[in-house]
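> Give me the fold of what follows.
(one chain, ligands or ions: 1)
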Amino acid sequence: MKNLILFGPPGSGKGTQAAKIIEKFALVHISTGDLFRYEMSNDTPLGQQAKAFMAKGELVPDSVTIAMLRNKVDAHPDAKGFIFDGFPRTITQAQALDALLSEQGSAIHALIALQVEDAEIVERIKKRGVTSGRTDDTNEAIVRNRIDVYKSETTPVYDYYAQQQKSHSIHGVGEIDEIFELISGVVESL
Ligand code: ADP
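Below you'll find the model as predicted:
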């Protein structure tokens with residue numbers, strides 16, 4: 001089994017790279033952002049809970065997010081491995097993920113962080129907002145808040161897995177295929 005965390009600020013290319021990784025390595029992709037957007041578009045109770053937080057660029061509370069993640073993992077008992085995209089975003093989520101995988105006799109094998117500087121992120125998200133229909137992409141103050149939340153709450157997750165010698169950092173600017181080659185190198189080394 002190979003369980004990976006794809007890590008990085010909003011707009012760092014996680015979704016793009018995740019699509020290529022699942023194709024090459026046959027992993028199950030779990031994106032908490034996509035899951036929340038799906039629940040919201042169906043106006044489910046979970047979607048209603050997440051909506052106000054997402055609209056402000058804040059994190060959805062851990063209790064809600066962890067329960068949703070657990071359901072998704074449990075739905076794939078035969079997976080060859082998972083790629084977690086947008087999760088864990090807090091230390092509490094990381095501890096919950098480790099506990100969940102260890103119950104199944106498994107673990108996280110690597111965290112792969114895409115590094116992209118702030119100015120580039122803001123530009124990319126602005127561009128994406130034109131076509132994505134994501135209201136959290138079109139307001140610069142909300143985008144800035146997401147970057148701040150990433151720095152304060154999410155970057156500690158990199159250090160948490162670095163302490164377990166599992167964190168890898170990759171420069172996320174350049175050709176998509178070149179970045180993917182670097183990621184593939186890490187996955188193949190596991
Ligand atoms: P991005 O990485 O581009 O900000 P995502 O699609 O991963 O976009 O997430 C969009 C929003 O969904 C976040 O700003 C947050 O409100 C919510 N969200 C996604 N994943 C999590 C998570 N693990 N914990 C809490 N909230 C989350």
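
> Alongside the ligand, which residues does this structure contribute?
10-11, 32-33, 36, 53-54, 57-60, 65, 86-87, 89, 93, 146 (C-beta under 6 Å from any ligand atom). From N, CA and C alone the C-beta is placed, and that goes for glycine too.

> Show me how to select, in PyMOL, the buried members of the residues you listed.
In PyMOL, a selection of the buried entries from these looks like this (16 or more other C-beta atoms under 10 Å):
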select buried, resi 10+11+32+33+36+54+57+59+60+65+86+87+89+93+146
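
> Can you flag which of the residues of the chain next to the ligand belong to helices?
Judged by DSSP state H, the subset of those located in helices is 32, 33, 36, 53, 54, 65, 93, 146.

> now, among those residues, which is nearest to the ligand?
If you rank those by distance to the ligand using C-beta to the nearest ligand atom, residue 33 comes first, at 1.8 Å.

> The closest one: what's it in contact with?
Contact partners of residue 33, counting by C-beta atoms under 8 Å, 6 or more residues apart in numbering, are 85, 86.

> cool, and residue 149?
Contact analysis of residue 149 by C-beta under 8 Å, 6+ apart lists 57, 58, 59.

> what helix or strand is it on?
According to DSSP states H and E, residue 149 maps onto helix 140-149.

> So which elements touch the helix or strand following that helix?
Downstream of helix 140-149, the first helix or strand assigned by DSSP H and E is helix 155-162. When contacts are defined as 3 or more C-beta pairs under 8 Å, 6 or more residues apart in numbering; DSSP states H and E, helix 155-162 sits against strand 4-7, helix 91-103, strand 110-115, strand 167-171.

> which parts of helix 155-162 are buried?
Using 16+ other C-beta under 10 Å as the test for burial, helix 155-162 gives 157, 158, 160, 161.

> Next, residue 139: phi, psi?
When quoted as degrees, to the nearest 10, the phi and psi of residue 139 stand at phi -110, psi 120.
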